[in-house]
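Enquirer: need a 3D model of the sequence below.
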Amino acid sequence: MLRRRWTGPLLLALLLTVLAPLPAAARPSAAAPPAAAGTAPPRTGAADTSTVPLPSLSATTTQVASGLRRPTAVAAPDDGTGRLFITEKPGTVRVYHPDTGLARTPLLDITSAVDLSGNERGLLGMALPPDFAESQDLYLAYTALPDGAVTLARYRLDESRLEPLLSQEHAEYSNHNGGQLAFGPDGNLYWSIGDGGGSGDPFRAGQRLDTLLGKILRLDVSRACGALAYCVPADNPFVGTAGARDEIWLYGLRNPWRFSFDSADGSMWIGDVGQGRWEEIDHLAPGRGGLNLGWSCYEGLERFEGGHCVPGEEYTEPVFTYSPYTGGCSVIGGHVYRGREYADLVGGTYIATDYCSSTVWALRPDGRGGYEQAEIGETPTQVTSIGTTAEGEFYMVNDLPGGLHRVSFEREEPTCRIDRTVVSWGTGTTVDLTVTNTGDSPVNGWTLEFPLALGQTVVSDWNTDTTQGSNVVTATNAPHNATIAPGASVTLGYLARHTGDASAPPRFTLNGDACAIGR
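Expert: Numbering: from 1, shown residues only. Modelled structure (predicted):
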């Protein structure tokens, strides 16, 4: 999402008109640079976008394999075999086939090269090049012995040979290694690296261009250039910039554990793990290199206390954030569904989850510059990665106990509907909510949960008892409206302060189930 930067005099004028104190400021962002000259048209597939309302979707999983050792990534060779490759943190890659299950013998084993010290180190990511069927090459991201350097390597299956291509020192802390690898629609390899670990970006890596920490890189691994085992694309945004690493594509990232490309339009989706207040998802148009995603000046949409802000910098906002008050702790970025089996339900919908809460998040551009959002189910505990088959169907792996799960979708109409009436003025807003039971059974006792826009704080409420943690409001029934008969409604509301954004809550759950949104 792109917004103009605030200028000093304008911001001062606004501050003088606000009676209530401001929370941390929302991040400004830059106009996007032009698309890279080398960006090729994206691969087309089932590109239609479903019109099914997100709250009417339900995601479920079926376990199809077990016994994996801390699996971290799933990828599928587009070679007609129907296989899935699964990385295990100790340094092995396993093979699964729907007809024969999980093969006992690993496809490859690089455990002798992997530094497994610390919970977040190990074999972290894998990508298969478009020519895998001919080349038999895989690309691996791992932390290498002896000191945990985050490393990109090519593995030649036909020779059982590991060829390190690029590494970044990462010795002081064992966390925030990133590790996602993906080939973009331009044929280049993209690699995410975390900010170096610890807490609060101690190396100020996110905003620095002289280090690969806190970045997503873009590399041409199809050839070597001089002393490099790879080439830097000539249209990378910082080629020729004094003091900057040429490999950098995006910066201002904390721990971009998982990102992906939409195979229909080539856009990039990034799940960046937060410090403790906000998890964020970014969505970038094709070829938008050189953007600053904000860390550690910003966490989510808020200024990060004690963060590193460079004067004059401009930032690109996330399109979706959520706080740990939802039960989450680490966003697990996923994919836009472009398969065929569920295209009528979730085509064009981005699916992500969280390592701790197991919530399945669904996001879809609304055509007006914003995004529809809903919680549409729960995954097994501790999901670490969402992968796709060559045909675009979804699988997930979870850390412990180490399973592989097939993802399915179905239409399940919500049993509640929320109608909203908003009246705002100055720095205040009232929101009246009508909760209708659209199901067949009475609701006996209810809890309604919903997020507020950044800067909104509930001051008072009626016909309910509300509590607010971060931006998440929990509203429970009053004694007189605890029961909602089928077809019946209850009304409740609240008064809130705001700092400029008086918008209504974008999503609701009633007793844990997503509600449809009326007016």
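
Enquirer: point out where this structure drops to low pLDDT.
Expert: Scanning the chain for pLDDT under 70 picks out 1-46.

Enquirer: for the residue most central in space within it, what are its contacts?
Expert: Centroid check for the chain by C-alpha atoms, centre = their mean gives residue 271 as the closest residue, at 2.3 Å. Applying C-beta atoms under 8 Å, 6 or more residues apart in numbering to residue 271 gives the contacts 256, 257, 258, 259, 279, 280, 281, 331, 332, 333, 334, 352. (C-beta placed from N, C-alpha, C; glycine too.)

Enquirer: only the buried residues of whichever strand or helix holds residue 474, if you could.
Expert: Here residue 474 sits within strand 472-477, counting by DSSP states H and E. For strand 472-477, the neighbour count (16 or more other C-beta atoms under 10 Å) marks 472, 473, 475, 477 as buried.

Enquirer: with adjacent residues omitted, what lies nearest to the last one?
Expert: Closest residue in space to residue 477, ignoring its immediate chain neighbours: residue 446 at 4.9 Å, by C-beta to C-beta, 6 or more residues apart in numbering.

Enquirer: how about the first one?
Expert: Computed as C-beta to C-beta, 6+ apart, the closest residue to residue 472 that is not its neighbour in sequence is residue 325, at 4.1 Å.

Enquirer: in a helix, the one you found, correct?
Expert: Yes - assessed with DSSP: H, G, I helix; E, B strand; the rest coil, residue 325 lies in a helix.

Enquirer: against residue 247, how distant is residue 412?
Expert: Separation of residue 412 from residue 247 (C-beta to C-beta, to the nearest Å) stands at 45 Å.

Enquirer: quick one: the residue nearest to residue 472 and residue 470 touch, right?
Expert: Yes - Residue 325 is within contact range of residue 470, at 4.6 Å (criterion: C-beta atoms under 8 Å).

Enquirer: endpoint to endpoint, stretch 248-258 covers what distance?
Expert: Its first and final residues considered, stretch 248-258 spans 17 Å by C-alpha to C-alpha, to the nearest Å.

Enquirer: contacting residues for the residue nearest to residue 472?
Expert: Applying C-beta under 8 Å, 6+ apart, the residues contacting residue 325 are 469, 470, 471, 472.

Enquirer: which among those residues count as buried?
Expert: 470, 471, 472.

Enquirer: does residue 212 count as helix, strand or coil?
Expert: coil.

Enquirer: try residue 134
Expert: For residue 134, the assignment made with three-state DSSP gives helix.

Enquirer: ok, back up a step: for the residue nearest to the centre of the chain, give its distance to residue 278.
Expert: From residue 271 across to residue 278, the span is 12 Å (C-beta to C-beta).

Enquirer: what does residue 120 give?
Expert: Residue 120 sits at a distance of 20 Å from residue 278 (criterion: C-beta to C-beta).

Enquirer: next one: residue 197
Expert: In terms of C-beta to C-beta, residue 197 sits 19 Å off from residue 278.

Enquirer: same check, this time on residue 126
Expert: 28 Å.

Enquirer: between these two, which one's more packed in?
Expert: Between residue 126 and residue 278, counted using other C-beta atoms under 10 Å, residue 126 has the larger neighbour count: 26 against 23.

Enquirer: mind checking how far the helix or strand harbouring the more buried one is from the chain centre?
Expert: Counting by DSSP H and E, the element that carries residue 126 is strand 123-127. Averaging C-alpha positions (C-alpha atoms, centre = their mean, to the nearest Å) puts strand 123-127 17 Å from its chain's average.

Enquirer: also stretch 433-453?
Expert: On C-alpha atoms, centre = their mean, the centre of stretch 433-453 falls 28 Å from that of its chain.

Enquirer: pull out the buried residues from it.
Expert: 433-437, 439, 443, 446, 448-453.

Enquirer: kindly report the same for stretch 260-278.
Expert: Applying a neighbour-count criterion of 16+ other C-beta under 10 Å, one finds 260-275, 277-278 buried in stretch 260-278.

Enquirer: residue 206 against residue 255, yeah?
Expert: No - counting by C-beta under 8 Å, residue 255 is not a contact partner of residue 206; they are 10.2 Å apart.

Enquirer: any common contacting residues for these two?
Expert: Common neighbours of residue 206 and residue 255 (criterion: C-beta under 8 Å, 6+ apart): residue 195.

Enquirer: so how far is residue 407 from residue 276?
Expert: The value you get for residue 276 to residue 407, if C-beta to C-beta is used, is 29 Å.

Enquirer: in which helix or strand does the residue nearest to residue 54 when sequence neighbours are not counted reside?
Expert: Among residues not flanking residue 54 along the chain, residue 374 sits closest, at 3.6 Å (C-beta to C-beta, 6+ apart). If you go by DSSP H and E, residue 374 is part of strand 371-378.

Enquirer: what about dumping the CA coordinates of that strand to CSV?
Expert: The C-alpha coordinates for strand 371-378 follow below in CSV (Å, rounded to 0.1, in the frame of the first residue of the first chain):
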residue,chain,number,x,y,z
TYR,A,371,-7.8,-6.2,0.8
GLU,A,372,-10.5,-8.4,2.0
GLN,A,373,-9.5,-10.5,5.0
ALA,A,374,-10.9,-13.4,7.0
GLU,A,375,-10.0,-16.2,9.4
ILE,A,376,-11.1,-19.4,7.6
GLY,A,377,-9.8,-22.3,9.7
GLU,A,378,-7.0,-23.7,11.7
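
Enquirer: tell me how far it is from the chain's mean position?
Expert: Centroid displacement of strand 371-378 relative to its chain, using C-alpha atoms, centre = their mean, is 13 Å.

Enquirer: and that strand, what other elements does it pack with?
Expert: Under the contact criterion of 3 or more C-beta pairs under 8 Å, 6 or more residues apart in numbering; DSSP states H and E, strand 371-378 touches strand 57-65, strand 359-365, strand 513-514.
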